[in-house]
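Chemist: Please work out how this folds:
(chains A and B)
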There are 2 protein chains.
Amino acid sequence: MQIVLLGSGNVATHLGKALNAAGIQIVQVWSRTLQNAQQLAAELKADAIDNLGAVQSDADLYLISVNDDAIADVAGRLPQDKLLVHTSGSTDMEVLKPFSAKTGVLYPLQTFSKQKKVEFKNIPVAVEASGSEVLGMLRQIARTISNKVIELDSDQRQKLHIAAVFACNFTNHFYAIAQSFLEQNGMDFDLIRPLIAETAEKIQEKMPADVQTGPAVRGDNKTMEKHLEALREHPQWQELYRLLSQSIVNLKSGS
Amino acid sequence: MQIVLLGSGNVATHLGKALNAAGIQIVQVWSRTLQNAQQLAAELKADAIDNLGAVQSDADLYLISVNDDAIADVAGRLPQDKLLVHTSGSTDMEVLKPFSAKTGVLYPLQTFSKQKKVEFKNIPVAVEASGSEVLGMLRQIARTISNKVIELDSDQRQKLHIAAVFACNFTNHFYAIAQSFLEQNGMDFDLIRPLIAETAEKIQEKMPADVQTGPAVRGDNKTMEKHLEALREHPQWQELYRLLSQSIVNLKSGS
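Modeler: Residues are numbered from 1 along each chain as shown, chains lettered A, B, ... in the order given. Coordinates of the predicted model:
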């Protein structure tokens, strides 16, 4: 099994390393920027290229881990009719169809930062494939790096991605608002780190809807009014506060 | 040091247990509901009462840990001119002033659920007091249960509470939206638990503004449009998606 890895971003980096650690050979790493390709290729003991024309044509799998918008463009310039697999949450597998009969998706659900190591074994990996043979192969590859491999079609995978945007991206933005608001008022973000850790830890065992706390779920309108007044210099955060509080009430009442 | 604990909710329960474990004596637990008072009092080896007239008048400190709206009411029915301390984030210390010259606040910043144990030592405790003597006493008490005691005035404490609403309550609500959306689409919340854990873990070392990921911060409008379209049956979540994405862009550009 020889893989050509297209891309050198966060997902390409973490996925490439996990595959490599599992004994799967990455033979080439392509990036638009040669230096990025070289950096990742060095870690994977692969060749680095920045020219799609130099991609070797005898690999078993071409793993496309680039920005969603660039997937079709990259796929169209690869050797024809090879097994093409992308790693995107919200891109339909269909996007690869014009370029090969054998296509698939391998989507690891995690937030990757280049500097931070993650335990890949715990990361859910969603797979999709154009046929049962490819599916079996992708399942096998995914199982070498993750204990949690599931099959999802493109529609479900997109919905999983949307859930992830709420649970991860939007959540981190609220951490950032807290950081900014604390700093503006002479307090340290450190104050709130234990609270964030506990909030995420609590739902590892419980369901979030069952452990909601705070003024909105208590119906504590007085506190909410005080908070809105204290946010008067931040109309956008005020608006978020209002909408979130309403949404908490609605979810509780099942509407 | 003898404390009368007014309240039997989540904060009263966890705080009472932490004080008790630190060797500070809780002599009475009052709750509107005798059964709740009895349950907590049994754990603290204290007496249970449901009548504020039965509160003993010789305690050193009356710790009022009830709903914000009820603090003044409870304080007004306690023995006069005793040391009154409340545990609320968004209630001014002033609310206790009509009832005693010696007042204070002891606010533990955490999300408490009755069923779940927390490591109190890591929880920041904000203290405020009407004078230096009371302040010294509250600092001393707080230090027996927490390694992170800070002095904050009522205005700062409220702002810390607002930051906590964003970082904890609103964040948990996004977990709940993810849960609901996954369930509606035949997927398990378990799929997203590792992502939530990693998102919270990442900011224990980094600052959230520096590790924002997702379509909004990447400027990936195509993906955002697809997500908004997929949320069409949930206009409120659609609106949240729009606002959060805009807010992420704004924070990044410093506006």
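Chemist: Give the burial count for A:G219, as a bare number.
Modeler: Burial of A:G219, expressed as a neighbour count using other CB atoms under 10 Å in any protein chain shown, amounts to 10. (Glycine included, C-beta is placed from N, CA and C.)
Chemist: average pLDDT for stretch A:98-117?
Modeler: Mean per-residue pLDDT for stretch A:98-117: 89.
Chemist: What ranges does the stretch 1-150 of chain A have for its helices?
Modeler: For the stretch 1-150 of chain A, applying DSSP state H, counting those that start in this stretch gives helices covering A:10-21, A:34-44, A:71-75, A:132-145.
Chemist: could I get these as TSV with mean neighbour count and mean pLDDT?
Modeler: Shown next, in TSV, are the helices of the stretch 1-150 of chain A (neighbours: other CB atoms under 10 Å in any protein chain shown; pLDDT from 0 to 100):
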stretch	mean neighbour count	mean pLDDT
helix A:10-21	21	95
helix A:34-44	18	97
helix A:71-75	19	97
helix A:132-145	17	97
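Chemist: Now do the strands in the stretch 51-200 of chain A.
Modeler: For the stretch 51-200 of chain A, strands defined by DSSP state E, counting those that start in this stretch occupy the ranges A:61-64, A:84-86, A:103-108, A:125-129, A:149-151.
Chemist: could you give the mean pLDDT of stretch A:50-68?
Modeler: Stretch A:50-68 comes out at a mean pLDDT of 96.
Chemist: ok, and for it, which residues are buried?
Modeler: A:50, A:52, A:55, A:59, A:61-68 (16 or more other CB atoms under 10 Å in any protein chain shown).
Chemist: Tell me which ones among the residues you listed also neighbour chain B, please.
Modeler: Applying CB under 8 Å from any CB of the partner chain to these, one finds that A:67-68 fall near chain B.
Chemist: For chain A, identify the residue most remote from the centre.
Modeler: The centre of chain A is farthest from one residue, A:K222, which by CA atoms, centre = their mean lies 38.6 Å away.
Chemist: so where does it fall, helix or strand?
Modeler: Using DSSP states H and E, A:K222 falls within helix A:221-230.
Chemist: do that helix and chain B meet?
Modeler: Yes: judged by CB under 8 Å from any CB, helix A:221-230 and chain B are in contact via A:222-223, A:226-227, A:230.
Chemist: which among the residues you listed end up buried?
Modeler: Using 16+ other CB under 10 Å as the burial test, the residues of helix A:221-230 next to chain B include A:223, A:226-227, A:230 as buried.
Chemist: Tabulate those (TSV), appending pLDDT.
Modeler: Formatted as TSV, those follow (pLDDT from 0 to 100):
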residue	pLDDT
A:T223	94
A:K226	96
A:H227	97
A:A230	97
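Chemist: For A:V105, state which of those residues is nearest.
Modeler: A:H227 (42.8 Å; CB to CB).
Chemist: got a list of what the closest one touches?
Modeler: A:215, A:241, B:90, B:158, B:161-162, B:165 (CB atoms under 8 Å, 6 or more residues apart in numbering or on different chains).
Chemist: switch to 6 Å and redo it
Modeler: Applying CB atoms under 6 Å, 6 or more residues apart in numbering or on different chains, we find A:H227 in contact with B:I162.
Chemist: Please apply the same query to A:Q212.
Modeler: B:N172.
Chemist: and with 10 Å instead?
Modeler: By CB atoms under 10 Å, 6 or more residues apart in numbering or on different chains, the residues touching A:Q212 are A:218, A:248, A:251-252, B:111, B:168-169, B:172-173, B:175-176.
Chemist: Just put those residues in CSV and tack on neighbour count and distance to B:W30.
Modeler: Shown next, in CSV, are those (neighbours: other CB atoms under 10 Å in any protein chain shown; distance: CB to CB, whole Å):
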residue, neighbour count, distance to B:W30
A:R218, 15, 20
A:I248, 23, 30
A:L251, 20, 33
A:K252, 15, 29
B:T111, 23, 24
B:C168, 26, 28
B:N169, 22, 27
B:N172, 25, 30
B:H173, 27, 32
B:Y175, 27, 35
B:A176, 24, 33
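Chemist: Just the CA coordinates for stretch A:132-140, please, in PDB.
Modeler: Below are the C-alpha coordinates for stretch A:132-140, written out as PDB (Å, rounded to 0.1, in the frame of the first residue of the first chain):
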ATOM      1  CA  SER A 132     -17.700  -2.200  -1.600                       C
ATOM      2  CA  GLU A 133     -14.100  -2.900  -2.500                       C
ATOM      3  CA  VAL A 134     -12.900   0.600  -1.900                       C
ATOM      4  CA  LEU A 135     -15.100   0.700   1.300                       C
ATOM      5  CA  GLY A 136     -13.300  -2.400   2.600                       C
ATOM      6  CA  MET A 137     -10.000  -0.900   1.900                       C
ATOM      7  CA  LEU A 138     -10.800   2.500   3.500                       C
ATOM      8  CA  ARG A 139     -12.200   0.800   6.600                       C
ATOM      9  CA  GLN A 140      -9.000  -1.200   6.900                       C
END
